[in-house]
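> Attaching a predicted model along with its sequence, questions to come.
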Amino acid sequence: MKILVGYKRVVDYNVRIQVKADGSGVVTEGVKLSANPFDDIALEEALRLREKGIATEVIVATIAPADAQAHLRNGLAMGANRAIHVVTGEAIQPLTAARALLKLIEKEQPQIVILGKQAIDDDCNQTGQMLAALWNRPQATFASKVEVAGTVATVTREVDAGLETIEVDLPAVITTDLRLNEPRFIKLPDIMKAKSKPLETLQLADLGVESGDHLKTTRYVPPPKRSKGVMVKDAAELVAALKTKGLL
Amino acid sequence: MAKVLIIAEHLNGKLNSSTARCVTCARELKAESIDVLVLADAPDTIAAEAAKIDGVNKVLTAANAANAHALAAIYAPQVVAVAQGSGGYSHVLAPSTTFGKDVAPRVAALLGVAQVSDIMHVDDAYAFQRPIYAGNAIVSVSAPSDQILVATVRTASYAAATNGANAAPIEALNLAVDLPTHTRFVALAQGSSERPDLQSAARVVSGGRGVGSAENFAVIFKLADKLGAAVGASRAAVDAGYVPSDLQVGQTGKIIAPELYMAIGISGAIQHLTGIKDAGTIVAINKDGEAPIFEIADIGLVGDLFKIIPELEQALG
């Protein structure tokens, strides 16, 4: 069984984002880029399924500019068997990403596709669901536990009401939540090994995907700031302050 | 003029307040009509609740045993059938809760359209503001007006529409849609709580890593009960196993807007702050005076939470 993992490169989660003064975007020059944390979790889960003998091959895929090869090498160093780089200079939107990933599915015929539930740059939380819809297959989003037996995956999902368990027939799309697993650290010898693993390069334009980039972003602004408040010295003062505000 | 279809969220036969928040957002679209679609096994009582929400023109129901649980793969083709049906809908809205986040993109993809996630402000019927980078930037996005607009509504940005004298008509639909059997509900483990619901509570008391253990979290629950508040938690507290994941507040947890938010033993990572930016008043109690939570707190108190909380309870009387 093959597993395809979506592996997006984003601004590192520790970076404090700055909006450009002219409102045309956020500052990404000289900013550290890393794998989307949810995608690291997706890759880790795929690797664990391979280590359990359920999967035989793990493929990482990204849709990104030409300079994203090092990013894919990280995925290979973490343990993926091979990588697919769909090259585009454009920042594509989830519908286009889903259509491109569907092309990879048609080619690779994976039984499980694992994506992060959202990318921490655009926070869209759409691609996995869209991919499952276009593929006409099940989706198990926000997974915190995945068990595969035969042709069925049992997935526990983190939902607002608690933990929901669903059963999906494979092939299926799974999207990861934070507590699914803790991704492993990459070891130096694995970085060396990753250099010789296969990395296939495709041009997005060659996949024959209709663009789904229907949304136009016209302006970026920083969020409104909350003004700094007051400090109180003890519980009694706190209660008094809350009473003054009419909150108690 | 916009004709809006809202996908109702419900659980255990009750309408979720996120639906009424979507109605408020829909009204800002200057909609010609706002209809609510209830997909359920037994939709009648849920539909009756939805019919009372001010601003709702019509409630549509699709009763089907397959709709007993909100499975996106089963709901989405039905939503698409209604959206493309005789109603002539221009907009499909769902709340940006785990329910709406699951189903709306599936609807959008079946319609072949993009989705606007987390609407926090309506500029016009096809132009919106939404947060990106955990709320550290706000973008203005515009969508084409010649396609159905699918969007999720950031519920913390909109108050629930009121229930007044409205009694919208309820129409039962008979949807001839083939539903898949490849996705099956197994179980829902719900945190049984007598406390107010975290997403709609007027007061929320949250604990973080500083609380130290699951046992110690009892002090947070006790204070919350004293205040009639819901209980929340930071990711650190959930990851450490102090409380279940449905209490997590932040970028990847719940985004909330209570009148009063008390962050106790929470340092204030940006991912947490994004979940509480719309709170009316933020109180922070932390032993580290340099914690980032104090930069956004309206009222800050530096000290040991285990000493302060009992004093607070006493002062509350």
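Received the coordinates, thanks. Numbering: from 1, shown residues only, chains lettered A, B, ... in the order given.
> would you put the C-alpha positions of stretch B:261-270 in PDB?
Extracted as PDB, the C-alpha positions of stretch B:261-270 are listed here (Å, rounded to 0.1, in the frame of the first residue of the first chain):
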ATOM      1  CA  TYR B 261     -11.800  35.800  29.600                       C
ATOM      2  CA  MET B 262      -9.500  34.900  32.400                       C
ATOM      3  CA  ALA B 263      -6.100  33.400  31.400                       C
ATOM      4  CA  ILE B 264      -4.600  31.700  34.300                       C
ATOM      5  CA  GLY B 265      -1.100  30.200  34.200                       C
ATOM      6  CA  ILE B 266      -1.100  30.900  30.400                       C
ATOM      7  CA  SER B 267       2.000  32.600  29.000                       C
ATOM      8  CA  GLY B 268       0.200  33.700  25.800                       C
ATOM      9  CA  ALA B 269       1.800  32.100  22.700                       C
ATOM     10  CA  ILE B 270       0.500  33.900  19.600                       C
END
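> Where do the strands of the stretch 1-150 of chain B begin and end?
Applying DSSP state E, counting those that start in this stretch to the stretch 1-150 of chain B gives strands spanning B:3-7, B:10-11, B:14-15, B:33-40, B:58-63, B:91-95, B:115-119, B:121-124, B:127-132, B:137-142, B:149-153.
> Next: the stretch 151-300 of chain B.
According to DSSP E, counting those that start in this stretch, the stretch 151-300 of chain B carries its strands in the segments B:170-172, B:183-190, B:203-207, B:230-233, B:260-264, B:281-286, B:299-302.
> got any ranges where the stretch 51-200 of chain B has weak pLDDT?
Applying pLDDT under 70 to the stretch 51-200 of chain B picks out residues B:192.
> show me what contacts the residue most central in space within chain A?
Closest to where the C-alpha atoms of chain A average out (C-alpha atoms, centre = their mean) is A:Gly116, at 3.2 Å. The neighbourhood of A:Gly116, defined by C-beta atoms under 8 Å, 6 or more residues apart in numbering or on different chains, consists of A:Gly6, A:Lys8, A:Asn36, A:Pro37, A:Phe38, A:Asp39, A:Ile41, A:Ala42, A:Gly128, A:Thr175, A:Thr176. In short, each C-beta sits where N, CA and C put it, glycine included.
> likewise B:Leu5?
Counting by C-beta under 8 Å, 6+ apart, B:Leu5 has contacts B:Asp35, B:Val36, B:Leu37, B:Val79, B:Val82, B:Ala83, B:Gly87, B:Tyr89, B:His91, B:Val92, B:Leu93.
> Distance to B:Ala279 and neighbour count for those residues - can I get that in TSV?
Formatted as TSV, the contacts of B:Leu5 follow (distance: C-beta to C-beta, whole Å; neighbours: other C-beta atoms under 10 Å in any protein chain shown):
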residue	distance to B:Ala279	neighbour count
B:Asp35	32	21
B:Val36	28	31
B:Leu37	31	26
B:Val79	32	27
B:Val82	36	22
B:Ala83	34	22
B:Gly87	37	17
B:Tyr89	34	20
B:His91	28	23
B:Val92	29	26
B:Leu93	24	28
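> Which of those residues sits closest to chain A?
Chain A has its nearest neighbour among the contacts of B:Leu5 in B:Val79, at 11.2 Å by C-beta to the nearest C-beta.
> now that closest one: how far from B:Leu93?
Per C-beta to C-beta, to the nearest Å, B:Val79 is found 11 Å from B:Leu93.
> what helices or strands is the longest strand along chain A leaning on?
Ranked by number of residues, the top strand in chain A under DSSP state E is strand A:139-149. The contact analysis (3 or more C-beta pairs under 8 Å, 6 or more residues apart in numbering or on different chains; DSSP states H and E) places strand A:139-149 against helix A:37-51, helix A:127-135, strand A:152-159, strand A:162-169, strand A:172-176, helix B:72-83, helix B:98-111.
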